[in-house]
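1. this one's structure only:
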């Protein structure tokens, strides 16, 4: 690359980065003023409860009716001041606030943050998320950039692209854990590609301890025949469970399973999973369904999940003839969209994890005669997730357009991406 083009590229990245930084900064300042509009506030409340010697979970609120103050977003309209109190009194928690749905291991994160004033804790957590995102893109770009001197520029382009992605924006500003999971995923992927199997399994096991849907990687590693990585995964998972039990208390895992079973907001528009899609159509959530037959919806969820698992296992057992790096890339490319489809809550803000799957489709189709069709399909799949589409609560998903498009489009995207990856794996040749 010539000097002029190099300077121009860096200037463009700097301008875009400054614009994105200002946009993120304004959004974060607004979130600091409205704690209940973030998911981080739930984590913060869990830490505060632990400090006061209580459990980190609270009950799922009763289903709301149109007369309730929280029904139309009231939980985010009140500006409150949140700070550590000297008298040990509890922080403000409205009755309509959903509980923290993160596993007990999050107590290790929540406790130190809860000792800080809320606005400081929020900024610390958000800056850590930004750091995780930058390191993740560096790891990804480094693996696919032949010349070392090109890594900084390519990584900067990747970082700007990631931050310009709407699901990344809502993940960071809502105080979600996606960027930490992304970093652990990239660390595991890099370690496995470098044949450090145990270490790769440990990174993925830690990710699964924070977000259980990442547990699908254990199944993927087992059927791909990587016993060392599977052992590392199990070791990390068991160790993390012990730490969570030690910090959050003996009853934490029972409380976590209880509230997870009581979730009633599967039909929310950002839920891209099979569970979210079919609950909008057949009931079981807070919305008015297309056809009120919840059992039909549950059966369809099970059938679709089993179909995805069967295809995943069948392909994973047959990717062994591929070279080492290609095998690892295929495992991740298939497992990432599959895990969000199978999880009861496959939220839109987890979509940045799919970057590796998107990149694999692009690379795997490069030398095919119909490669342009795959790339066009990939662009068509990604574009609906780029446009901002703000959360529509489960109780508002009550019309045909809501059922089949507003809430359904993200499920269609996951299915389409998974089909493209699996189709390309088959075309590459399986045993």
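-> Looks like it came in fine. Everything quoted here is computed from the prediction, not taken from an experiment. Residues are numbered from 1 along each chain as shown.
2. going forward, measure contacts between C-alpha atoms and count neighbours the same way
-> Will do.
3. center of the protein - which residue?
-> Central residue of the chain (C-alpha atoms, centre = their mean): residue 350, 2.3 Å from the mean position.
4. quick one: that residue and residue 178 touch, right?
-> Yes - if you go by C-alpha atoms under 8 Å, residue 350 and residue 178 touch, sitting 5.8 Å apart.
5. what residue ranges in this structure score low on pLDDT?
-> Counting by pLDDT under 70, the chain contains low-confidence residues at 1-2, 62-96, 320-321, 429-431.
6. longest helix anywhere in it?
-> Counting by DSSP state H, the longest helix found in the chain is helix 3-33.
7. which helices and strands does that helix pack with?
-> The contact analysis (3 or more C-alpha pairs under 8 Å, 6 or more residues apart in numbering; DSSP states H and E) places helix 3-33 against helix 118-144, helix 151-163, helix 166-173.
8. what angle do that helix and helix 166-173 make?
-> When axes from the mean of the first three to the mean of the last three C-alpha atoms, to 10 degrees is applied, the directions of helix 3-33 and helix 166-173 differ by 50 degrees.
9. could you identify the helix or strand that succeeds helix 3-33?
-> helix 40-51 (DSSP states H and E).
10. residue contacts, the residue nearest to the centre of the chain?
-> Residues near residue 350 by C-alpha atoms under 8 Å, 6 or more residues apart in numbering: 167, 171, 178.
11. closest to residue 332 out of these?
-> Lowest distance from residue 332 to those (C-alpha to C-alpha) belongs to residue 178, with 16.3 Å.
12. just the buried ones from the contacts of residue 350?
-> 167, 171, 178 (16 or more other C-alpha atoms under 10 Å).
13. closest to residue 129 out of these?
-> Among the buried ones among the contacts of residue 350, and counting by C-alpha to C-alpha, the member closest to residue 129 is residue 178, at 8.0 Å.
14. mind listing what that closest one touches?
-> 129, 171, 172, 349, 350, 352, 353.
15. same question for residue 308.
-> residue 338.
16. check residue 211 too.
-> 102, 103, 181.
17. how near is it to residue 191?
-> 20 Å (C-alpha to C-alpha, to the nearest Å).
18. residue 17 against residue 158, yeah?
-> No - look at residue 17 against residue 158 with C-alpha under 8 Å: they stay out of range, at 11.3 Å.
19. so residue 267 touches residue 274, yeah?
-> No - Residue 267 is not in contact with residue 274 according to C-alpha under 8 Å; the separation is 10.3 Å.
20. what about these two, which has more around it?
-> residue 267 (35 against 29; other C-alpha atoms under 10 Å).
21. how much space separates the more buried one from residue 124?
-> 32 Å.
22. what of residue 378?
-> Counting by C-alpha to C-alpha, the gap from residue 378 to residue 124 is 35 Å.
23. out of those two, which sits in the busier spot?
-> residue 378 (19 against 13).
24. residue 359 is in contact with that one, correct?
-> No - the pair residue 378 / residue 359 is not scored as a contact, 9.6 Å apart, by C-alpha under 8 Å.
25. any idea how many residues pack against the residue nearest to residue 371 when sequence neighbours are not counted?
-> Residue nearest to residue 371 in three dimensions, not counting chain neighbours: residue 365, with 4.6 Å by C-alpha to C-alpha, 6 or more residues apart in numbering. Residues lying near residue 365 (other C-alpha under 10 Å) number 20.
26. I'd guessed residue 365 sits against residue 424; true?
-> Yes - at 7.2 Å, residue 365 and residue 424 qualify as touching, with contact defined as C-alpha under 8 Å.
27. just checking, residue 349 touches residue 165?
-> No - counting by C-alpha under 8 Å, residue 349 does not reach residue 165; the two are 10.0 Å apart.
28. more neighbours: which of these two?
-> residue 349 (22 against 18).
29. what about the nearest residue to that one once chain neighbours are set aside, distance to residue 269?
-> Leaving aside its chain neighbours, residue 349 sits nearest to residue 167 (4.5 Å; criterion: C-alpha to C-alpha, 6+ apart). Taking C-alpha to C-alpha as the measure, residue 167 falls 13 Å from residue 269.
30. could you do residue 31 as well?
-> In terms of C-alpha to C-alpha, residue 31 sits 21 Å off from residue 269.
31. same drill for those two, tell me which one is more crowded.
-> residue 269 (28 against 22).
32. show me what contacts that one?
-> Here residue 269 is in contact with 391, 392, 393, 394, 397, 402, 406, 407, 408 (C-alpha under 8 Å, 6+ apart).
33. switch the cut-off to 7 Å
-> Going by C-alpha atoms under 7 Å, 6 or more residues apart in numbering, residue 269 touches 391, 392, 393, 394, 406, 407.
34. which of the helices or strands spans the closest residue to the third one other than its chain neighbours?
-> For residue 393, the nearest residue in space outside its immediate sequence neighbours is residue 268; the separation is 4.8 Å by C-alpha to C-alpha, 6+ apart. Residue 268 is part of no helix or strand when elements are defined by DSSP H and E.
35. so residue 268 makes contact with residue 394?
-> Yes - Residue 268 is in contact with residue 394 according to C-alpha atoms under 7 Å; the separation is 3.9 Å.
36. more crowded one of the two?
-> residue 268 (28 against 23).
37. what separates the more buried one from residue 346, distance-wise?
-> Taken as C-alpha to C-alpha, the span from residue 268 to residue 346 is 11 Å.
38. run a quick neighbour tally on residue 368.
-> The burial count for residue 368: 12, using other C-alpha under 10 Å.
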